[in-house]
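# Model the structure of this input:
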Amino acid sequence: MLNTSEAAAARRGIVLALTKQLNCQWRNFAFFLLVNDPVAYIVRADRAGVIVTEPINFRNEPGPLLEFLWRFNFLSPEERGMDPTARLATDLEDIDIAKEKLAAHVSTRVQASPVYIVEVSDTTTPRNVLVWGCLSSCKSLTGRSTRVAAVWDPEAEKVRFLKDAWRTDAETTEGESDILRILNDAKVEHVPTLLAGGDVPGKYHQTMTQTFTSPIQPWVLTKPGVLDKWTHHRLLEEFIPTRLEDFKTPKGFLQALFDAFLAHKGAYALGFLHRDVSDGNIMIDENGCGVLIDWELAIRVRDNQGAPIEHKAGRHDRVGTWKFMSCNLLAQKELRKPHGLPDDQQPFLWIGLYYILLSFNPVILGNPSIEELVAEIFEESLYHKNFHYFTGGRSKRLILAMEHVICELEIPNNNPMEDWFTKVLDVFAVDKLRGQLTARRVLSSLTELSQPNLEEHDALERIFRDSLDADGWSSTREG
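Residues are numbered from 1 along each chain as shown. Have a look, this model is predicted:
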């Protein structure tokens, strides 16, 4: 493989074209023919990676290329990569009703998209829903490749939420629909209501690229075991209308965050760790309650009998949303400590701080630029060439060490929000800094919070409840 800048640019172009093709169509994989006279390359791409043939000189030896084209001509649409569980709607009545019911949820950018009938697997009978464009599509060719959409459920005559993604078989993870069934059956509050879902059946709904990495071949550039097998997974849920960022009042924001925290606590009691707590994964339902969504990265940390399940730290263990990851996960070049409950609780602190900075007009010593603070705290990263790995979180570590200007912020018109941040910060900082807190922190350091147990939810739950019960909340969004 050439390592010139021109070759790298060509590869980026191929990946971009394949990504757009798989995003614009309902596909499991795609073939791509790259012609650079006098040679051609046949490319096959799925969500695990890309396979490229050696150059075929079609002027001197056209046979291999002609044979491929001849064989491709006789392949069915499914064998060419099309997803047979998603088909174009042809009934005009279906098309009209889908566009009528989904118009409020479809951006003008995708209104030219056709309407599809998409099948959602279930434990009994599959469900068919009408899809007109997606709320979001994947930006990467490989990996989970998640796309979500508001869809019309003709059986129930309601707008529903569809999630289409690929899940890794790299470790003993369960499908998101299986996890939601367990949470729903146990009546865990503030989690999505599953209506149908499961792995999409069929041989082409699992990736194949990874199978070519073993046994080792001289033409394979990827080491054995590096590429994962991915399985197509789809689920249908009750529609939740509002994102966390569209909260109406500061107290409503903290209530939604607390509801998501309670969902996390309920799932953990059943042995599950979410592993991607972020603002994008917290929604607000029609009653103003928070809902913790997106359980596809969740893993079991205890079995049904309550016995711990050991997970070795490895390349699959640092998952989540970079802005809100814990210091432990961001700091390590090579993970030595697996993702644990403290790593899953810390994002609630960072989500709170993120919205305090952007929405609640805090007073900060020195009046620094809010935009620069947000970039410094939530986006900082450093690439290590020797490890092919990013680390970050330097400012977060300074905050937990009480050595950052953020530690002294004030929120004049929302004292309960300020009190929440101060006490939650103490919970995560006090274990390292017992006896070294600033004068402003002395009072809380003398309470039971000076001995927090982050292997439980109790300490943070008390802080949430006390802050929500307090007086002094602003009635307006900005405070």
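# Every contact and neighbour count from this point should use C-alpha atoms.
Will do.
# so where does the residue lying farthest from the centre of the chain fall, helix or strand?
For the chain, the C-alpha farthest from the mean C-alpha position belongs to residue 60; by C-alpha atoms, centre = their mean, that distance is 48.5 Å. Under the criterion DSSP states H and E, no helix or strand holds residue 60.
# again, but for residue 395
If you go by DSSP H and E, residue 395 is part of helix 394-400.
# what sits against the residue lying closest to residue 277 once chain neighbours are set aside?
Leaving aside its sequence neighbours, residue 277 sits nearest to residue 347 (C-alpha to C-alpha, 6 or more residues apart in numbering; 6.1 Å). Counting by C-alpha atoms under 8 Å, 6 or more residues apart in numbering, residue 347 makes contact with 277-278, 324-326.
# ok, residue 347 to residue 141 distance?
Using C-alpha to C-alpha, to the nearest Å, residue 347 is found at 28 Å from residue 141.
# what about the helices in the protein?
Using DSSP state H, the helices of the chain run over residues 5-24, 63-73, 92-102, 176-185, 250-269, 327-331, 341-359, 370-378, 394-400, 415-433, 442-445, 458-469.
# would CSV of those with distance to residue 211 and mean pLDDT be doable?
Below are the helices of the chain laid out as CSV (distance: least, C-alpha to C-alpha, whole Å; pLDDT from 0 to 100):
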stretch, distance to residue 211, mean pLDDT
helix 5-24, 20, 89
helix 63-73, 21, 97
helix 92-102, 40, 95
helix 176-185, 24, 97
helix 250-269, 35, 98
helix 327-331, 30, 88
helix 341-359, 33, 96
helix 370-378, 38, 96
helix 394-400, 39, 93
helix 415-433, 44, 86
helix 442-445, 55, 40
helix 458-469, 45, 96
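# Check those for me and report the most buried one.
Here the criterion is mean neighbour count by mean count of other C-alpha atoms under 10 Å, and of those the winner is helix 250-269, at a mean of 22.
# quick one, it and helix 176-185 angle?
Relative orientation of helix 250-269 and helix 176-185, computed by axes from the mean of the first three to the mean of the last three C-alpha atoms, to 10 degrees: 100 degrees.
# How far does helix 250-269 sit from its chain's centre?
Distance of helix 250-269 from the chain centroid (C-alpha atoms, centre = their mean, to the nearest Å) equals 18 Å.
# what's the answer for stretch 384-396, then?
Computed by C-alpha atoms, centre = their mean, the chain-centroid distance of stretch 384-396 equals 20 Å.
# Tabulate the CA atom coordinates of that stretch in PDB.
Extracted in PDB, the C-alpha atoms of stretch 384-396 (Å, rounded to 0.1, in the frame of the first residue of the first chain):
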ATOM      1  CA  HIS A 384       0.300   9.600  21.100                       C
ATOM      2  CA  LYS A 385       1.800   8.300  17.900                       C
ATOM      3  CA  ASN A 386       3.600   5.400  19.700                       C
ATOM      4  CA  PHE A 387       0.300   4.100  21.000                       C
ATOM      5  CA  HIS A 388      -2.000   5.300  18.200                       C
ATOM      6  CA  TYR A 389      -4.200   6.600  21.000                       C
ATOM      7  CA  PHE A 390      -5.700   9.800  22.300                       C
ATOM      8  CA  THR A 391      -5.600  11.000  25.900                       C
ATOM      9  CA  GLY A 392      -7.300  14.000  27.500                       C
ATOM     10  CA  GLY A 393      -9.000  15.400  30.600                       C
ATOM     11  CA  ARG A 394      -6.100  17.500  31.900                       C
ATOM     12  CA  SER A 395      -8.500  20.400  32.900                       C
ATOM     13  CA  LYS A 396     -10.900  17.900  34.400                       C
END
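# Which residues does it contact?
For stretch 384-396, contacts defined as C-alpha under 8 Å, 6+ apart pick out 326-327, 330-334, 376-378, 380-383, 404.
# which of the residues you listed sit farthest apart?
The two members of the contacts of stretch 384-396 with the most space between them (C-alpha to C-alpha) are 334 and 404, at 26.4 Å.
# What number of neighbouring residues does the nearest residue to residue 378 once chain neighbours are set aside come out with?
Sequence neighbours aside, residue 323 is the residue nearest to residue 378 in space, at 4.5 Å (criterion: C-alpha to C-alpha, 6+ apart). A count of nearby residues for residue 323, using other C-alpha atoms under 10 Å, gives 21.
# can you pull the pLDDT of residue 323?
Residue 323 is assigned 96 on the pLDDT scale.
# Over to the one 3 residues further on?
Residue 326 carries a pLDDT value of 93.
# do residue 335 as well
With respect to pLDDT, residue 335 has a value of 59.
# Need the per-residue pLDDT for residue 293.
Residue 293 is assigned 97 on the pLDDT scale.
# Thought residue 282 was touching it, still the case?
Yes - the criterion here is C-alpha atoms under 8 Å, and residue 293 meets it with residue 282 at 6.1 Å.
# Against residue 475, how distant is residue 351?
Counting by C-alpha to C-alpha, the gap from residue 351 to residue 475 is 21 Å.
# show me what contacts the residue nearest to residue 293 when sequence neighbours are not counted?
Distances taken as C-alpha to C-alpha, 6+ apart put residue 281 closest to residue 293, at 5.1 Å, once the chain neighbours are dropped. Contact analysis of residue 281 by C-alpha under 8 Å, 6+ apart lists 292-294.
# That'll do, ta.
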